[in-house]
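Undergrad: coordinates only, sequence not included:
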Ligand code: FES
Ligand SMILES: [Fe+2]
């Protein structure tokens, strides 16, 4: 870790992150490599009932996640027959049945219902043995993650998130679906994600929202955690053991929020504990890149679930009323950030890796390191869905 005032400059920073902002080939390469990284896909509260499903993406690949009783499974969103997308909306309920020729799949992704199969293919569906590409799925609290695991890559979600797993599990201990909003931004996904790790811009970009002194940056401690230290956290105050204590208290079920905190989970997900008068709010934020220069910033927000059994009805009613007005806050603060992101994107092709990062931007540099490691992975292959008939 650098000293408190030592800048991170050009030659210390990994080079590849900047290329994907303005070069479509670099963006495609990036998205291909990110398919192997555990990625937030949605919440279990999005799919409470049997056969509920949501569409999502991992890197540049469309996937869907479906509930089968107590099990949650994920598949690449393409039919084994002629590779039509099985899910063409963002969410729904129903068996896996392709709209193109009505092939139907079971919960293992096997094609079990194929119209006129013996007549047209000469074998039974079982003998044909066609199946979907299944993705690896795991949950942390109510958050669903998925990835395309390479052969031999056995890193579990818990290993990947490290100590952050216990914190995320505790702060997303929900029993009903939270409110959700989406903000489209005309910039590469890295820009809104990086700005959320930048505690230096508050005075210049948010003078009305955070005050002209940028109060969030006085007495700050940053932490890194998880596999390869890919993830990072912002804690106000200067207690070196604050992160470890929060992890232990979340594991013990004794944690009670008392400070503003931010947790980032590489590649594009974060969780914020925000103090509002009388209680704490949680915001889960994901910057989903939909194209090289387009991002959907997804925000899920809800009153902190800690001590929820001890909340009175009037407290819950008050928290609900505050929740109703939260989008005004998001619209204002994210709008201020996103204007900067879009102006930055306008010269994307000129941005290179040279940056001078000060103390309050360390986490941006840590993100770039994690990004560089992810880009060093082998190419994620496209799985062949068709397998030779078993006869
Ligand atoms: S492409 Fe899906 S059934 Fe033909
Ligand atoms: Fe900001």
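TA: That came in fine, so what should we check first? Values in this document were obtained by computation on a predicted structure and should not be read as measured data. Numbers count the residues shown, from 1 in each chain. Ligands and ions are numbered 1, 2, ... in the order given.

Undergrad: Looking at this structure, name the residue that lies furthest from the middle.
TA: Seen from the C-alpha centroid of the chain, the residue lying at the greatest distance (Cα atoms, centre = their mean) is residue 119, 45.1 Å away.

Undergrad: OK, contacts around that residue?
TA: Shown in contact with residue 119 (Cβ atoms under 8 Å, 6 or more residues apart in numbering): no residues. From N, CA and C alone the C-beta is placed, and that goes for glycine too.

Undergrad: Give me the nearest residue to the residue in the stretch 201-350 of the chain that ligand 1 sits nearest to, chain neighbours excluded.
TA: Among the residues of the stretch 201-350 of the chain, residue 290 lies nearest to ligand 1; the distance is 24.0 Å by Cβ to the nearest ligand atom. Excluding the flanking residues, the one nearest residue 290 by Cβ to Cβ, 6 or more residues apart in numbering is residue 296, at 5.7 Å.

Undergrad: quick check, that neighbour in a helix?
TA: No. Assessed by DSSP: H, G, I helix; E, B strand; the rest coil, residue 296 does not belong to a helix; its assignment is strand.

Undergrad: Run through the bridge partners of residue 57.
TA: As for beta bridges, residue 57 partners with residue 62 under DSSP bridges.

Undergrad: Give me the neighbour count for it.
TA: When neighbours are defined as other Cβ atoms under 10 Å, residue 57 has 19 of them.

Undergrad: Tell me the confidence at it?
TA: What the model reports as pLDDT for residue 57 is 96.

Undergrad: where exactly do the helices run in the stretch 151-300 of the chain?
TA: Counting by DSSP state H, counting those that start in this stretch, the segments of the stretch 151-300 of the chain that form helices are 157-161, 164-171, 190-195, 202-205, 207-210, 242-252.

Undergrad: Serialize the ones you listed to a markdown table and add fields for distance to residue 140.
TA: Formatted as a markdown table, the helices of the stretch 151-300 of the chain follow (distance: least, Cβ to Cβ, whole Å):
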| stretch | distance to residue 140 |
| --- | --- |
| helix 157-161 | 6 |
| helix 164-171 | 5 |
| helix 190-195 | 19 |
| helix 202-205 | 29 |
| helix 207-210 | 30 |
| helix 242-252 | 11 |
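
Undergrad: Would you single out the least confident of those?
TA: helix 207-210 (a mean of 78).

Undergrad: elements contacting that helix?
TA: Counting contacts by 3 or more Cβ pairs under 8 Å, 6 or more residues apart in numbering; DSSP states H and E, helix 207-210 packs against helix 313-345.

Undergrad: From what I see, residue 100 and residue 85 are in contact.
TA: No. Contact criterion Cβ atoms under 8 Å: residue 100 and residue 85 do not qualify, at 9.1 Å.
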